[in-house]
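# Sequence plus predicted model, see below.
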Amino acid sequence: DNFIKNIEKENNKNCIEPKVIIENEKISYKDGINGKIIDKKSTISLIKNSIGTKESNIEVKYKEEKPSININTLKKVNSKISSYTTTYNAGGGRAKNVELAAKKIDDFILMPGDEFSYEKALGDITLENGFFYAPVISNGELKNGVGGGVCQVSSTLYNTQLKAGILPTERRNHSKAVSYVPRGLDATLATGSID
């Protein structure tokens, strides 16, 4: 398994999803690119079958991986329906967390009937996942914790959503007022309990 993982790491080329690019009011599209991933089951079988033989070369089998969405479906996006802006100070762990959280949800494609989970999109809020220590609100108090700043991104997203007329499935505000959105218009994240 470890041998195959190394081969996958060196050779897999994941597909690239097509994109809608919105700059001000101008909309353009970027085609997706098919990927090529190792057929793990077939490759393991070939390796096992070659053990004890004089065969020293094994031709790895690949599967084509296609983008999950078709560019023609994306081309139905013909206008921006809402936007919302918040600001933050550059530098430090909080700014890095805001930037990382924004990057993780950037270009996220949500189709009709789909549900978005901010918690799933960000993954674990841990140092190992790239997040930094910064002030967080916990039980109404400001404390130092991993991921301080990710709630500014969820709050910005929440306000964008409200302006588009989309009501959330779940949303809670912080136990203390925040400075980056008006009181009561924030959306907090608490891994495992509040999404």
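Looks like it arrived, so ask away. Predicted model, so just to flag it, every value in this text is computed and none were measured.

# all helices of this structure, in order?
Under the criterion DSSP state H, the chain contains helices at 2-11, 40-50, 71-74, 92-105, 118-122, 150-163.

# Where does pLDDT dip in the chain?
Along the chain, segments meeting pLDDT under 70 are nowhere present.

# Would you map the strands across the protein?
Remark: strands assigned in the chain by DSSP state E are 19-23, 26-30, 35-38, 62-65, 133-138, 141-146.

# hmm, back to that, of the helices of the chain, flag the one that's most buried.
Most buried of those by mean neighbour count (mean count of other Cβ atoms under 10 Å) is helix 150-163; its value is a mean of 21. (Each C-beta comes from the backbone N, C-alpha and C, glycine too.)

# could you measure the residue of the chain most remote from its centre against K103, distance?
Most distant from the centre of the chain: K54, at 46.1 Å, with distances by Cα atoms, centre = their mean. Distance, K54 to K103, using Cβ to Cβ, to the nearest Å: 50 Å.

# centroid residue for the chain?
So for the chain, Cα atoms, centre = their mean, it's K104, sitting 3.5 Å from the centre.

# Surely A177 is in contact with L185?
No: counting by Cβ atoms under 8 Å, A177 stays clear of L185, with 10.3 Å between them.

# So which residues make contact with stretch 76-87?
20, 22, 25, 27, 152, 155-157, 159-161, 163-164, 180-181 (Cβ atoms under 8 Å, 6 or more residues apart in numbering).
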